[in-house]
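In: Got a sequence here, can you build the structure:
(one chain, ligands or ions: 1)
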Amino acid sequence: MRTADEYLTGLRDGREVWYRGKRVPDVVEHPELGVGARHAALDFEFADDPENHSLAVTDGHSTYYHLPRDTSALRRRSLLIESSTAFADTLVILVKEIGTDALFALHRVTHGTDWYGRVEDYHRHCREGDLALAVAQTDVKGDRSKGPSGQVDPDLYVHVVDRRPDGVVVRGAKVHTTSCPNVDEVIAIPTRALKPGEEDWAIAFALPVATPGVKLFASDFLHADRDPWTRPVSHRHKLTETLTVFDDVFVPNERIFLDGDLALAGRLALEFVEYHRFTAVSYKLPLVDAFVGLAMLLAEANGIQRASHVRDKLVALVGYAETVRGLTHLAADRCRVDGPTGIAYPDPMTTNLAKWTFARDYHAAVEKVIDIAGGLLVTGPGGDDWRSEEVRPYLEKYFAGAVPAAQRLALMNLASDLLAREYAGYQSVLAIHAEGSLEAEKLMIARSYDSGAAVAYARKLAGLS
Ligand SMILES: Cc1cc2nc3c(=O)[nH]c(=O)nc-3n(C[C@H](O)[C@H](O)[C@H](O)COP(=O)(O)OP(=O)(O)OC[C@H]3O[C@@H](n4cnc5c(N)ncnc54)[C@H](O)[C@@H]3O)c2cc1C
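Out: Presented below is the predicted three-dimensional model:
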């Protein structure tokens, strides 16, 4: 397994990354992208810590790469994701979680085809190199009412433009690709079911980020103030998403995992998401726990913990956090095992229910914490004020609540970072869209719920059996 330094050194490989209109010579040294790279390095620091070793390491390799075979392996994976996210102060690290979600799905989907051996070889390559991976699934998609072949520009979904004896050439762009500037390799998979005539879009492959023609245009969202007093979480944690352009990129045969098979492309899009939504709900847990604890501490700091409306809100927050946690565990407990490969996957209906519950009620939970905190979340003093000998005595005198101002403002600052500032905006959109939008989750619940027993029971009650 690699150390954090070895991982960071590996990112200095000439990759083509653009930020605010300029080519980035070194993503680790860059003042903004470096924050993301060091956040990702926490994956390696977490595994290095003897306290986490038994969870983070399996048979000498990162546990992320361990193929789950049963409920206990899925529960352990979920705990690893939850614990490492807590280690990273509520922000998922996501440099092995998403990549292995795709690898598990690729194993299942390609089993029995000539591509399977390549998937196995690639899995071994990633596991033994302890690689950091991004997954580029979401295409830029153009007009959402049309599929790839209906777009005015065929490149709005990544597709094959040339076939050679030793590989294919791909063109197009994916978007929202988390951590792509600071991973070793990127796995690209189809984003949706395809129809006859769309075989060129049915392509899955993996490449080192530094492959010629792979161009990353990094988002500058979270180009934020780095004051640790006002931004206790986001001053040192961030994810970076990219517009990931494949500008006529050559993919050698051994890195092609699927090409031209429409049925398998559709399955891959869905089966990746089954794992990825389970990853999602696992990594949401530290954030929802933080909401609960923070609301309780803010209530005490403001002296309102005994007010009945506050108790009501606290119970609702506990119910929210524990419902998401309970459903996450249940998704693993109800797991299914794929017959041909013996690989386990979380129950799709329960996984989607967990993710939908989290996303649907997220803003209601935010509202409750904001309500308890008060307006200081957006009107409070800055770090320079707090550090100023002239100003601080006034802040200490006038911002005391039921606890001293230092404590109350520390809580306000955490709440402001999580609920009101730039990072809160990021979390807010992440909650709704990442790992699929609300409608996608509802669709999957409707599709995967087995209504037979409920309908039969209702028929019996109505005397219609
Ligand atoms: C912070 C963040 C990180 C992410 N990380 C990754 C990543 O690492 N890799 C990756 O591949 N993706 C990633 N995603 C992408 C994520 O999965 C998508 O944002 C999500 O699937 C929604 O797609 P979209 O953003 O294109 O929005 P759209 O699909 O355009 O959705 C906008 C609205 O249009 C609706 N809609 C879309 N199509 C239709 C249709 N045909 N009919 C009716 N309604 C429709 C949706 O339901 C939604 O209400 C990330 C997203 C975010 C926000």
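
In: Where do the helices of the stretch 151-300 of the chain begin and end?
Out: 262-302 (DSSP state H, counting those that start in this stretch).

In: which residues sit against stretch 50-70?
Out: 1, 46-47, 73-74, 76-77, 79-80, 83-84, 87, 96-97, 99-100, 103-104, 107, 123, 126-128, 130, 335, 337, 342-345 (C-beta atoms under 8 Å, 6 or more residues apart in numbering). From N, CA and C alone the C-beta is placed, and that goes for glycine too.

In: Return the set of buried residues in it.
Out: Residues 52, 55-56, 58, 61-68 are the ones in stretch 50-70 that count as buried (16 or more other C-beta atoms under 10 Å).

In: tell me the mean pLDDT over that stretch?
Out: Stretch 50-70 comes out with an average pLDDT of 97.

In: Tell me how many other residues crowd the residue lying closest to residue 421 once chain neighbours are set aside.
Out: Spatial nearest neighbour of residue 421, chain neighbours left out: residue 231 (6.7 Å); criterion: C-beta to C-beta, 6 or more residues apart in numbering. Around residue 231 there are 22 other residues, counting by other C-beta atoms under 10 Å.

In: Please name the residues that touch the nearest residue to residue 288 once chain neighbours are set aside.
Out: Once flanking residues are discounted, residue 288 sits nearest to residue 321: 4.0 Å by C-beta to C-beta, 6+ apart. Taking C-beta under 8 Å, 6+ apart as the criterion, residue 321 is in contact with 285, 288-289, 291-292.

In: so what pLDDT did residue 321 get?
Out: pLDDT, residue 321: 98.

In: Give me the next element, helix or strand, following the host helix or strand of it.
Out: Using DSSP states H and E, residue 321 sits within helix 308-333. Next helix or strand after helix 308-333 toward the C-terminus (DSSP H and E): strand 336-337.

In: pLDDT averaged over the next helix or strand after that next one - what is it?
Out: Moving toward the C-terminus from strand 336-337, the next helix or strand (DSSP H and E) is strand 344-345. In this model, strand 344-345 has an average pLDDT of 98.

In: Tell me what residue 214 is bridged to.
Out: residue 246 (DSSP bridges).

In: Renumber starting at 150 from here on
Out: Shifting the count to begin at 150 puts that one at residue 363.

In: quick one: it and residue 392 touch, right?
Out: No. Counting by C-beta atoms under 8 Å, residue 363 does not reach residue 392; the two are 11.6 Å apart.

In: So between those two, which is more surrounded?
Out: residue 363 (23 against 17).

In: For that one, give me its contacts.
Out: With C-beta under 8 Å, 6+ apart, residue 363 has these contacts: 164-165, 335, 356, 393-396, 398.

In: let's go with 7 Å and repeat that
Out: 165, 356, 395, 398 (C-beta atoms under 7 Å, 6 or more residues apart in numbering).

In: Okay, and which of the contacts of stretch 199-219 map to strands?
Out: Judged by DSSP state E, the subset of these located in strands is 486, 493-494.

In: Looking at those, spot the one nearest the ligand.
Out: Looking at the ones in strands among the contacts of stretch 199-219 and their distance to the ligand, the nearest is residue 494, at 18.6 Å (C-beta to the nearest ligand atom).

In: any idea how far the closest residue in space to the closest one that isn't next to it in sequence lies from the ligand?
Out: Once flanking residues are discounted, residue 494 sits nearest to residue 423: 5.4 Å by C-beta to C-beta, 6+ apart. Look at residue 423 and the ligand: by C-beta to the nearest ligand atom, to the nearest Å, they are 14 Å apart.

In: can you check residue 488 too?
Out: Taking C-beta to the nearest ligand atom, one finds residue 488 at 28 Å from the ligand.

In: So which residues on the stretch 450-599 of the chain come close to the ligand?
Out: 578-579, 582-586, 588 (C-beta under 6 Å from any ligand atom).
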